[in-house]
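1. I would like the atomic coordinates for the input below:
(2 chains)
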Amino acid sequence: MRTRLANCEILDPEKGKRFWGYVEWENGVITAVKRAGPGMVDEPEGVELIDGRGHLLVPSFVDLYADFCEPGNEHREDVASGSAAAAAGGYTTVCVRPDTSPTIDGADTVRFVLERAAACGKVDVRPLGALSKNLAGETMAEIGEMAEAGVPALSEGDTYVARTGFLRRCMEYGTNFRLPILLTSEDPTLASGMAHEGYIATIRGLKATPVAAEEAAVARHVALAELTGARTHLLKITSAAAVRIVKDAKRRGLPVTASVTAHHLALTETSVADWSPAAKVWPPCRSEADRLALLAGLADGTIDAIVSDHAPRAIEDKELEFDLAVPGASTLELVWPILNRLVGAQELDLTTAIRALTLAPRRLLGMAGGSVAVGAPADLVLLDRASSWMVDAVSLASRSKSSPFLGTTFAGRTDMTLRGGRVTFARTSGR
Amino acid sequence: MTTRMNHLLGLEGVSREQIQTILDLGREFKAVGQRRIKKVPTLRGITVVLMFIEPSTRTRMSFEVAAKRLSADTLAFTASTSALSKGETLLDTTQNIMAMKPDVIVLRHAFSGAPQFLARNVDAAVVNAGDGQHEHPTQALLDMFTMQEKKGSLEGLEVAIVGDIRHSRVALSNLWGLTTMGAKVRVAGPRTMLPPHLDRFGAGVRVFDRIEPAIEGADVVMMLRIQKERMGKDLFPSDREYARFFGLDTAKLALAKPDAIVMHPGPMNRGVEITPEVADGGRSVILEQVENGVAVRMAVLYLLSAHLLEGA
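-> So this is what the prediction gives:
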């Protein structure tokens, strides 16, 4: 059975082209991409038709870093609820963090997560393998067996590897199995708290972490990338200093890539000026100058990808004083609305944003796809760019409703997600 | 009294007029404490909860005396933060206390922003009695009350604040209050104990590396307490070295104006940030600060709750 999605604007991030048209697919593979419309032009016999309603059609999103909290913290999220949130956000592939309980540090836990994901079938959930057993930074995890079981990359999650020499050996060993290493960067000995060390932290008495904590760790990771030759991805960088180091590393041809979150592109240190537990995220949103440097880094290609850093939290994690609140926010369903708002404000180029959500993460993971072209998989997302809606507890599919954007009105959201030509999400209202 | 406050969470954003109103009213209430019978019926029927979720003796006693001299009913809730974080949350504790229908909650808490968290979640006036390293507004008010009493006006007054500014809620509240009132603040201490971006307070605040130029020609020298647990750790080498370079002794005090006063929020580490000679000397107003604290806290409790009694 052929399916045609028509009456939409198609953006192909690989070719950088944008045009009105329709896309047809059969057996999960795109068979035709034609210019047509706007409007439903013709309705051929024997073809299932989907009205794109004038929305934007792009390849589905791929996330390098999200927490589905299973096993261990299913009250916050599990693979099924996380998959539903991901599909509702426009994603068809999500790499999930290894810092679960127990840790994803062996083939058995990898297989467990893969089985859970297969059972719900909405999203290709790909567990990241830990570098060390129990994230303790002492004994190397069985990286080869995890590679065999299907991990796409290695990561120590939000945990800092204290022993630089140990990290070096993990990175070296990972290259035997061609696995990229995804690292977060903060030297914890420089951090006394979870706010950006700046004027806001000073006047609100917030315990803080300076940019130098990230800068020192990013510099260390770049040095190790050069030493080991391991493909090194710097997850969710937050500062102008980190952008500068990555830019220099790329100029020198080192195997370094970087990502940023949508909320770090949109928010600054002022988001925690009222001690809001919902706005407590790690790493912290920093100064306006840092935010602008992140946008510039994305524009000039220094930053490759946008990650969700989906970190679901339960009510009891957040109904607390700022210092006690658990950092993190439910983000998978808000990435597109946030970015669309930045595009609307002319702070971000639409094609750059889409490329960072689609093509760039696929390339980092060695995946095919990421274009709207004949022969590519029919992994697509239809993006509404205009409908006004407000973020509230009922509007999110994630089990976690914690977000700094609760109560925010956005224009646009995901309208439909297709994985292998099959609808994994369709917004029911108005369709 | 026309000025009405909903909460007193900090001195950031509190206007000059509001601060002066509290200080003026404090003067009237100070007289009550000097009478034979130190009690007035002003707040009879008002319930004040003293919620101290961090060890404190002086501030709690001061608020308790202030409330009792105004004839308010007080009840105390004391717990350690660690016990609270392991068991009941601050919100649950507060909701239990709210069932007793208090009018005012005085909160001391180890974490910055806890009074704001409380104010968002309860239907009572909240007074910040010190939150983490954020603010301690009534301490700064009593400090300003004392300065005004001794020096007449705060406008143009040269005030040196010396010590651990970064972790001091007293320092931050004083920075807001004093700059609002037109005083000039000089800040000195080890760089490890100065927060970033003090320059953002504007021309009213100047930062010094050494204590001597900060004190020179000052009208007021305010020494801050060095927390015992910080001694000999990462922030400075030893209490001995601290005393030598950043402590106040008679020789250093000689650099200040001849009529300069010496203040300390207490409790003091004698021999560390201040020598006993200076602490007990003729220019020390440290014990008067304690007395004035009661008067200022009476003024704050009055302004937060007197309107509840209108028509009662």
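2. and B:G45, how far from B:D103?
-> B:G45 is 9 Å from B:D103, where distance means Cβ to Cβ, to the nearest Å. C-beta here means a position set from N, CA and C on the backbone, and glycine is covered the same way.
3. oh, I was asking about B:V126
-> From B:V126 across to B:D103, the span is 11 Å (Cβ to Cβ).
4. more neighbours: which of those two?
-> Remark: of B:V126 and B:D103, B:V126 carries more neighbours, 25 against 20, as counted by other Cβ atoms under 10 Å in any protein chain shown.
5. show the contacting residues for that one.
-> Neighbour list for B:V126: B:7-9, B:104-105, B:107, B:115, B:118-119 [criterion: Cβ atoms under 8 Å, 6 or more residues apart in numbering or on different chains].
6. which among those residues gets closest to A:L383?
-> B:A119 (40.5 Å; Cβ to Cβ).
7. what's the nearest residue to the closest one if we skip its chain neighbours?
-> Nearest residue to B:A119, sequence neighbours excluded (Cβ to Cβ, 6 or more residues apart in numbering or on different chains): B:V126, at 4.4 Å.
8. what's opposite the residue nearest the centre of chain A in the beta bridge?
-> Nearest to the geometric centre of chain A sits A:V307, at 2.3 Å (Cα atoms, centre = their mean). Assessed by DSSP bridges, A:V307 has beta-bridge partners A:T261.
9. my read: it touches A:D63, true?
-> Yes. A:V307 is within contact range of A:D63, at 6.1 Å (criterion: Cβ atoms under 8 Å).
10. mutual contacts of those two, please.
-> In contact with both A:V307 and A:D63: A:P361, using Cβ under 8 Å, 6+ apart.
11. hmm, back to that, out of the contacts of B:V126, flag the one nearest to A:A191.
-> For these, the nearest to A:A191 is B:P115 (24.9 Å; Cβ to Cβ).
12. can you say which helix or strand has the closest one in it?
-> Secondary structure assignment for B:P115, by DSSP states H and E: helix B:114-121.
13. swap in A:K15?
-> Going by DSSP H and E, A:K15 is not in any helix or strand.
14. assign the closest residue in space to it that isn't next to it in sequence to helix, strand or coil.
-> The spatially closest residue to A:K15, leaving aside those adjacent along the chain, is A:S371, at 7.0 Å (Cβ to Cβ, 6+ apart). Here A:S371 is coil, with the state taken from DSSP: H, G, I helix; E, B strand; the rest coil.
15. and residue 76, what does it touch?
-> All of this refers to chain A. A:R76 neighbours (Cβ under 8 Å, 6+ apart): A:69, A:312-314, A:317, A:399-400.
16. chain B, not that one
-> B:49-50, B:52, B:60, B:64.
17. just B:L308 next, same as before
-> B:46, B:103.
18. measure it to A:T184 for me?
-> B:L308 is 51 Å from A:T184, where distance means Cβ to Cβ.
19. now do B:L75
-> Distance from B:L75 to A:T184, by Cβ to Cβ: 47 Å.
20. the more surrounded of these two?
-> Higher neighbour count among B:L75 and A:T184: A:T184, with 24 against 14, using other Cβ under 10 Å.
21. state the pLDDT value of the more buried one.
-> Each residue has a pLDDT score; the one for A:T184 is 98.
22. ok, now which ones touch B:D219?
-> So B:D219 contacts B:147, B:151, B:157-159, B:256-257, B:259-261 (Cβ under 8 Å, 6+ apart).
23. cool, and B:Q227?
-> B:164, B:167.
24. over to it: give its phi and psi.
-> Note on B:Q227: its backbone torsions stand at phi -70, psi 130 [degrees, to the nearest 10].
25. my guess is B:V170 contacts B:G266, does it?
-> No. With contacts counted by Cβ under 8 Å, B:V170 stays clear of B:G266, the gap being 9.9 Å.
26. could you dump stretch B:188-201 to CSV, C-alpha only?
-> Only the C-alpha atoms of stretch B:188-201 are listed here, as CSV (Å, rounded to 0.1, in the frame of the first residue of the first chain):
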residue,chain,number,x,y,z
ALA,B,188,37.2,43.7,52.2
GLY,B,189,38.2,40.1,52.8
PRO,B,190,40.1,37.3,51.3
ARG,B,191,39.3,36.9,47.6
THR,B,192,38.1,33.4,48.3
MET,B,193,35.3,34.9,50.4
LEU,B,194,34.2,37.6,48.0
PRO,B,195,31.4,36.8,45.5
PRO,B,196,31.8,37.8,41.9
HIS,B,197,30.2,40.9,40.3
LEU,B,198,30.1,43.1,43.4
ASP,B,199,30.8,45.9,40.9
ARG,B,200,27.2,45.5,39.7
PHE,B,201,26.0,47.2,42.9
